[in-house]
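**Q** give the three-dimensional model of this entry:
(chains A and B, ligands or ions: 2)
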Amino acid sequence: MSLRIVVCVKYVPDATGDRHFAEDLTTDRDAVDGLLSELDEYAVEQALQIADDADDAEITVLTVGPEDAKDALRKALSMGADKAVHVEDDDLHGTDALGTSLVLTKAIEHIGYDLVVCGMASTDGTMGVLPAILAERLGVPQVTLLSEVSVEDGVVKGRRDGDAATEQLEASLPAVVSVTDLSGEARYPSFKGIMAAKKKPVESLDLSDLGLEAEQVGLEGAWTTVDEAVQRPARTAGTIVKDEGEGGKQLAAFLAERKFV
Amino acid sequence: MAEVLVYVDHVDGAVRKPTLELLTLARRIGEPVAVHLGAGAEAAAATLAEYGAVKVLAADAPEFADYLVAPKVDALQAAYDAVSPAAVLLPSSPEGKEIAARLAVRVGSGIITDAVDVEAGDEGPVATQSVFAAAFTTKSRVTKGAPVITVKPNSAAPEAAPAAGTVEQLAVTIGEKSTGTKVVSRTPRESTGRPELTEAAIVVSGGRGLGGGENFSIVEELADSLGAAVGASRAAVDAGWYPHTHQVGQTGKSVSPQLYIAAGISGAIQHRAGMQTSKTIVAVNKDAEAPIFDLVDYGVVGDLFQVVPQLTEEVKSRKG
Ligand SMILES: Cc1cc2nc3c(=O)[nH]c(=O)nc-3n(C[C@H](O)[C@H](O)[C@H](O)COP(=O)(O)OP(=O)(O)OC[C@H]3O[C@@H](n4cnc5c(N)ncnc54)[C@H](O)[C@@H]3O)c2cc1C
Ligand SMILES: Nc1ncnc2c1ncn2[C@@H]1O[C@H](COP(=O)(O)O)[C@@H](O)[C@H]1O
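**A** Ligands and ions are numbered 1, 2, ... in the order given. Reported below is the predicted structural model:
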């Protein structure tokens, strides 16, 4: 029996670019080039490794996002995923985490799944909540923030390195997992992979394909609103000294002046 | 007055500092009702009362420890149903965020994560967030349901405001679907004896410039002279020089201390994301062009192997 894996990947503005807000206080997706969220590369990588260890597996990469988000899907396909699903609809503009999770849930159910793999957080919103919400909505176990993951005989196991303790977790499939950047470097797409990706199927879905109404998503449907976004003033230029042998002492004097010593 | 649920982060009844900050912020919106899950509610109640909890809803069940996250959501939902709160505040830990998110879905509320401040507003609580690696400060509101908000550590100075803090048992039914993820084993982290990274008033971090794990002792000695926590860049963690639990940045801890000292750290955007809101920033780096110098209140361009030990000595002698 084939293991059906769905990997949720997000297309995000490059974090090293100069990110801004658009007029309507949503993320400006035009100002900065987008890419497959680096933290979701880890999710694709772990899915590929799980698929390698399974007798028979199929990996679908799924994204909810604008037209350009296809780039993120292509990258994941060139890494080795089998097929892609792109949920794209003008009404999705401004959707918040709860709305996105609703769309992802419908799409995951549409695709069919045994295992959903997510990244630990998106590099733009950085909420890190979607995997837990997907588990809640799908009504399946949440096995999240794993630095190590494996699947055997219909059971997913993993190691969660928490603040207070390291936990070994176990759940029966179907389940939702998320993996951290400690799970292992993601592979680079090979030339062969990039060529093969061009022929892999990408299914496009809109809200009506998923039985959703425009009011359930988008800015209108969002349950949160941003009233104000202000650029943080550049920090006032500090004092910078070159060490001429007394740098440590000068620094100590500064700390004393600020009452830290 | 409206009640505000505050999820208590504690270790066997020893309440952690971020919870006291939550209670302080909750009082701006209404009357804090603390939700204490697991052992030690009676011990915790005294502290919770001191910081303004009018009531402590307590529940203990083996499921809280034996299964991941979901049983705690069941309990918080029971508290929510019992109180019908004006808002729910939780600490912005990974687990806090996951509990918050699932509760929000269940009760039909919007959720805001990683707030650095919460105030009362005409249209409900207003949360301040620091986004895009702290390049922007936003103010947001929840527009549907009772706001569920997670708050980062060090977002407010805890202020005592004694209240009754009466402990009441909370009846919780753990759902069938909530025991899907078994915690097979748990290995508690060994205490370093130093302050908790996210809660510390001072953090001293080391990066690739340290050149090796053994050299982290230089950072540790400075930290100890200042009573500080120790942090590390991802480059230092990836090299195996320091444990990941000490990583500062986008995929590590986000810190906002009174003083942040970076030694041998370049200041990449992902590192800045986790420390840029620190009140005072100091760096030692031999490269005058390192981006970390854009952030500093005081920077020393020099060899950390010279500068940092000299600083440590000077701090020690000034402290006597
Ligand atoms: C998705 C993603 C997430 C990430 N998350 C994080 C994160 O959470 N935290 C994080 O820190 N990084 C993170 N990174 C990595 C980040 O991009 C940088 O690679 C990393 O922060 C660099 O660490 P560093 O400053 O120690 O090393 P480098 O950038 O190599 O800097 C070392 C510095 O040390 C200085 N130096 C060398 N020798 C000396 C000396 N003797 N005395 C004084 N100075 C010296 C050098 O001049 C240099 O500036 C992430 C990256 C990605 C893509
Ligand atoms: N628009 C999206 N499309 C597909 N997957 C997403 C999307 N947004 C978030 N995710 C997934 O959810 C994870 C956590 O995202 P977040 O909760 O937004 O930080 C990401 O690492 C992705 O795996």
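**Q** spatially nearest residue to whatever residue of the stretch 1-150 of chain A ends up closest to chain B (excluding sequence neighbours)?
**A** Nearest to chain B in the stretch 1-150 of chain A, going by Cβ to the nearest Cβ, is residue A:141, at a distance of 3.1 Å. Yep, even glycine has a C-beta here, placed from its N, CA and C like the rest. Residue nearest to residue A:141 in three dimensions, not counting chain neighbours: residue B:180, with 3.1 Å by Cβ to Cβ, 6 or more residues apart in numbering or on different chains.
**Q** OK, contacts around residue B:105?
**A** Each residue near residue B:105 by Cβ atoms under 8 Å, 6 or more residues apart in numbering or on different chains is listed here: A:98, A:101, A:133, A:136-137.
**Q** now do the same contact list for the residue in chain A that ligand 2 sits nearest to.
**A** Nearest residue of chain A to ligand 2: residue A:119, at 2.6 Å (Cβ to the nearest ligand atom). Residues near residue A:119 by Cβ under 8 Å, 6+ apart: A:8-10, A:37, A:39-43, A:178-179.
**Q** cool, residue B:257 as well?
**A** Neighbouring residues of residue B:257 by Cβ under 8 Å, 6+ apart: B:154, B:200-203, B:229, B:278-279.
**Q** next up, phi/psi of the residue nearest to residue A:141, please.
**A** When quoted as degrees, to the nearest 10, the phi and psi of residue B:180 stand at phi -80, psi -30.
**Q** correct me, but it touches residue A:140?
**A** Yes. When contacts are counted by Cβ atoms under 8 Å, residue B:180 is listed as touching residue A:140 (6.8 Å).
**Q** list residues touching both of those two?
**A** Common contact partners of residue B:180 and residue A:140 (Cβ under 8 Å, 6+ apart): residue A:175.
**Q** can you map out the helices along the stretch 151-261 of chain A?
**A** Secondary structure of the stretch 151-261 of chain A (DSSP state H, counting those that start in this stretch): helices at A:191-197, A:218-221, A:247-257.
**Q** could I get the buried residue list for the shortest one?
**A** What that stands for is helix A:218-221. A:218-219, A:221 (16 or more other Cβ atoms under 10 Å in any protein chain shown).
**Q** now the strands for the stretch 101-250 of chain B?
**A** Using DSSP state E, counting those that start in this stretch, the strands of the stretch 101-250 of chain B run over residues B:111-119, B:126-131, B:136-142, B:148-151, B:166-169, B:182-188, B:202-206, B:229-232.
**Q** again, but for chain A
**A** Along chain A, counting by DSSP state E, strands occupy A:3-8, A:11-13, A:34-36, A:57-64, A:83-87, A:115-119, A:142-152, A:155-161, A:165-172, A:175-179, A:202-205, A:224-231, A:239-242.
**Q** ok, and of the contacts of residue A:119, which contact ligand 1?
**A** residue A:39 (Cβ under 6 Å from any ligand atom).
**Q** hmm, which two among the contacts of residue A:119 are most spread apart?
**A** Farthest apart among these by Cβ to Cβ are A:10 and A:179. That separation is 14.2 Å.
**Q** these two: who's more crowded?
**A** For residue A:10 and residue A:179, the more surrounded residue by other Cβ atoms under 10 Å in any protein chain shown is residue A:179, and the numbers stand at 28 against 24.
**Q** quick one, what contacts that one?
**A** Residue A:179 neighbours (Cβ under 8 Å, 6+ apart): A:42-43, A:46, A:117-120, A:145-147, A:149.
**Q** what residues does chain A have near ligand 2?
**A** So far as Cβ under 6 Å from any ligand atom goes, chain A lies against ligand 2 at A:8-10, A:37, A:39-40, A:43, A:62-65, A:97, A:100, A:104, A:118-119, A:121-122, A:125-131.
**Q** and if we set it to 5 Å?
**A** A:8, A:10, A:40, A:63-64, A:118-119, A:121-122, A:125, A:127-130 (Cβ under 5 Å from any ligand atom).
**Q** residue 147: neighbouring residues, count only.
**A** Unless you meant another one, I'm taking chain A. For residue A:147, using other Cβ under 10 Å, the count is 18.
**Q** wrong chain, I was asking about chain B
**A** Residues near residue B:147, counting by other Cβ under 10 Å: 29.
**Q** likewise for the one 10 residues further on?
**A** Using other Cβ under 10 Å, residue B:157 has 8 other residues around it.
**Q** and it, how far is that from ligand 2?
**A** 29 Å (Cβ to the nearest ligand atom, to the nearest Å).
**Q** identify the residues contacting that residue.
**A** Residues in contact with residue B:157, defined by Cβ under 8 Å, 6+ apart, are B:21, B:24.
**Q** how about the residues of the stretch 151-300 of chain B by chain A?
**A** B:177, B:180-189, B:202, B:226, B:244-245, B:250-251, B:258-259, B:269-270, B:273, B:276, B:280-282, B:284, B:288, B:293-300 (Cβ under 8 Å from any Cβ of the partner chain).
**Q** hang on, isn't the residue of the stretch 1-150 of chain A closest to chain B packed against residue A:158?
**A** No. Applying Cβ under 8 Å, one finds residue A:141 not in contact with residue A:158, separated by 11.1 Å.
**Q** sorry, back to before: out of the contacts of residue A:119, which are inside helices?
**A** Mapping the contacts of residue A:119 onto helices (DSSP state H) picks out A:39-43.
**Q** which among those count as buried?
**A** Neighbour-count burial (16+ other Cβ under 10 Å) applied to those gives A:39-43.
**Q** how many residues are close by the closest residue to residue A:41 other than its chain neighbours?
**A** In space, residue A:41 comes closest to residue A:186 once its chain neighbours are excluded; the distance is 3.7 Å by Cβ to Cβ, 6+ apart. Neighbourhood size, residue A:186 [other Cβ under 10 Å]: 20.
**Q** and residue B:15, by the same measure?
**A** Counted with other Cβ under 10 Å, the neighbours of residue B:15 add up to 24.
**Q** cool, and residue A:59?
**A** Residue A:59: 24 neighbours (other Cβ under 10 Å).
**Q** from what I see, it and residue A:2 are in contact.
**A** No. Under the criterion of Cβ under 8 Å, residue A:59 is not in contact with residue A:2, lying 10.7 Å apart.
**Q** tell me how far residue B:247 lies from ligand 1.
**A** According to Cβ to the nearest ligand atom, residue B:247 and ligand 1 sit 5 Å apart.
**Q** neighbours around that residue, how many?
**A** By other Cβ under 10 Å, neighbour count at residue B:247 equals 25.
**Q** that one against residue B:230, yeah?
**A** No. Counting by Cβ under 8 Å, residue B:247 stays clear of residue B:230, with 10.9 Å between them.
**Q** before we move on, back to that, make CSV from the contacts of residue A:179 and add pLDDT and distance to residue B:2 to it.
**A** Shown next, in CSV, are the contacts of residue A:179 (pLDDT from 0 to 100; distance: Cβ to Cβ, whole Å):
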residue, pLDDT, distance to residue B:2
A:42, 98, 42
A:43, 98, 40
A:46, 98, 44
A:117, 98, 41
A:118, 98, 35
A:119, 98, 37
A:120, 97, 35
A:145, 98, 33
A:146, 98, 39
A:147, 97, 41
A:149, 98, 43
